[in-house]
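1. Just to be clear, the model below is a prediction. Sequence and coordinates:
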Amino acid sequence: MKTVEELNRALIEIGSSTVSGAGPIDDHSADALLTAAWLRIAAGRSELWHPRALTREVAMTEGWTFGAP
């Protein structure tokens with residue numbers, strides 16, 4: 001996503017509010033905004049944060065995702 005308009009289309013697609021502005025946006029900012037919006041929506045879905053197949057070994061390699069030490 002390289003424009004606010006593209007970002008807003010993605011935000012609408014996931015059921016989130018849009019952001020103000022128009023025109024170019026850097027892809028890092030767009031990614032961060034879309035990810036934060038999705039996390040807000042998905043935060044209450046415990047199955048996403050406690051998958052049955054998650055072992056300590058997997059958590060250690062994917063720690064940033066699952067909050068492993």
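-> Alright, I've got the coordinates.

2. where do the strands sit along this structure?
-> Shown for the chain, no strands are assigned by DSSP state E.

3. where in it is pLDDT low?
-> 63-69 (pLDDT under 70).

4. show me what contacts residue 23?
-> Counting by Cβ atoms under 8 Å, 6 or more residues apart in numbering, residue 23 makes contact with 3-4. Just so you know, the C-beta spots here come from the backbone N, C-alpha and C atoms, and that holds for glycine as well.

5. hmm, 10 Å instead?
-> By Cβ atoms under 10 Å, 6 or more residues apart in numbering, residue 23 lies in contact with 2-5.

6. can you check residue 17 too?
-> Counted by Cβ under 10 Å, 6+ apart, residue 17 has contacts 8, 11, 37, 40.

7. Buried among those? Make that a PyMOL selection.
-> Selection of buried members from the contacts of residue 17 for PyMOL, criterion 16 or more other Cβ atoms under 10 Å:
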select buried, resi 8+11+37
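
8. now the contacts of residue 17 in TSV, with distance to residue 20?
-> Below are the contacts of residue 17 laid out as TSV (distance: Cβ to Cβ, whole Å):
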residue	distance to residue 20
8	9
11	12
37	14
40	18
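
9. Now compare the contacts of residue 17 and name the two farthest from each other.
-> The span of those, defined through Cβ to Cβ, is set by 8 and 40 at 15.9 Å.

10. Out of the contacts of residue 23, which comes closest to residue 60?
-> Nearest to residue 60 among the contacts of residue 23, with distances taken as Cβ to Cβ, is residue 2, at 35.7 Å.
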